[in-house]
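>>> just coords:
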DNA sequence: CGGTATCCCTAAGGATACTG
DNA sequence: CAGTATCCTTAGGGATACCG
């Protein structure tokens, strides 16, 4: 193997690069359900079904899958209490908290801009309809 | 001041709500390609094919589709110069710039955490393989 | 309760070809 | 150059059923 392609320069870690860890992580984080899961956990710890109720519309399957991915990336911690009935708590790691904080800012911005976005969409759609 | 925070029912614009504009906008923004497109445009204006080269791996179809969605949401401006050959410049609106700034912070965080994330994944995968 | 496993269908998305 | 149109394959994701 030639080590020509990957120099010890780790700074080449650009999200624009196809096989980059950060790009993969960005995709994991910016999935339909993962962003909402992180946002929810940013407000506190949650048990599985509580989280499911919080994130409206998510199926068991997708929530489970999403949480596994986030746990794998080291953003979410899964804590199992072997009681009856079972109790599983999900919380954010330090990294997860930072990401969640960022997403919160983004969500706030979008919530505040909701009216403007709606207006923009209406204008755009009307311009296309009036062909 | 005297008034409390968000007493109005209008402010129930939560991203967690199923049919919320902000949730839809969050999904539009956090798509695989849209985040990268916004990130790229955060570095300056781009023509279609230049943008396509910048965002590695995106197809013509997806880039076109992504840009249309972002334009519709009022985050991207499309400027057509009717010359030969055609010249189309894409740039960010004020809102788009704010979103892009936020995504930049997130991307920086993930790029800086890439090693840790990789390590976390390795640990997670090994724990599952070692049954 | 907190999942996993399965089925199944839709929509995301890549490749290619063609147009202004 | 800057797309749109078409085709076709994959994977996202919902519903249901069942296990620890």
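Here it is on my side, so go on. Nothing here was measured: the structure is a model prediction, and the numbers come from that model. Numbers count the residues shown, from 1 in each chain, chains lettered A, B, ... in the order given.

>>> Show me where chain A has its helices.
Ranges of helices in chain A, per DSSP state H, are A:21-29, A:32-41, A:48-54, A:60-72, A:94-112, A:114-129.

>>> what about the second one, average pLDDT?
Per-residue pLDDT values over helix A:32-41 give a mean of 97.

>>> coming back round to it: a markdown table please, covering the helices of chain A and showing mean neighbour count and distance to residue B:24.
From N, CA and C alone the C-beta is placed, and that goes for glycine too. Formatted as a markdown table, these follow (neighbours: other C-beta atoms under 10 Å in any protein chain shown; distance: least, C-beta to C-beta, whole Å):
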| stretch | mean neighbour count | distance to residue B:24 |
| --- | --- | --- |
| helix A:21-29 | 22 | 18 |
| helix A:32-41 | 23 | 11 |
| helix A:48-54 | 16 | 18 |
| helix A:60-72 | 17 | 18 |
| helix A:94-112 | 19 | 9 |
| helix A:114-129 | 13 | 8 |
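
>>> I figured residue A:22 hits residue B:111, correct?
Yes - if you go by C-beta atoms under 8 Å, residue A:22 and residue B:111 touch, sitting 4.3 Å apart.

>>> and the gap between residue A:65 and residue A:37?
Noted for residue A:65: a distance of 10 Å to residue A:37, by C-beta to C-beta, to the nearest Å.

>>> Run through the residues that contact the residue nearest the centre of chain A.
Closest to where the C-alpha atoms of chain A average out (C-alpha atoms, centre = their mean) is residue A:35, at 2.7 Å. By C-beta atoms under 8 Å, 6 or more residues apart in numbering or on different chains, the residues touching residue A:35 are A:29, A:103, B:26, B:30.

>>> Need the max-distance pair from these.
A:29 and B:26 (12.0 Å; C-beta to C-beta).

>>> Where does pLDDT dip in chain A?
A:1-12, A:131 (pLDDT under 70).

>>> for residue A:85, phi and psi?
Dihedral pair for residue A:85: phi -80, psi 160, per degrees, to the nearest 10.

>>> follow-up on the earlier one: dump the helices of chain A to TSV, plus distance to DNA strand D.
Below are the helices of chain A laid out as TSV (distance: least, C-beta to the nearest atom of the strand, whole Å):
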stretch	distance to DNA strand D
helix A:21-29	9
helix A:32-41	4
helix A:48-54	10
helix A:60-72	4
helix A:94-112	17
helix A:114-129	10
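
>>> From the rest of the structure, what touches stretch A:71-82?
Contact with stretch A:71-82 is made by A:25, A:28-29, A:37-38, A:41, A:67, A:70, A:86-93, A:95-96, A:99, B:116-117, B:119-121, B:124-125, as judged by C-beta under 8 Å, 6+ apart.

>>> again, only using 7 Å
A:25, A:28, A:38, A:41, A:67, A:70, A:87-93, A:95-96, A:99, B:116-117, B:120-121, B:124 (C-beta atoms under 7 Å, 6 or more residues apart in numbering or on different chains).
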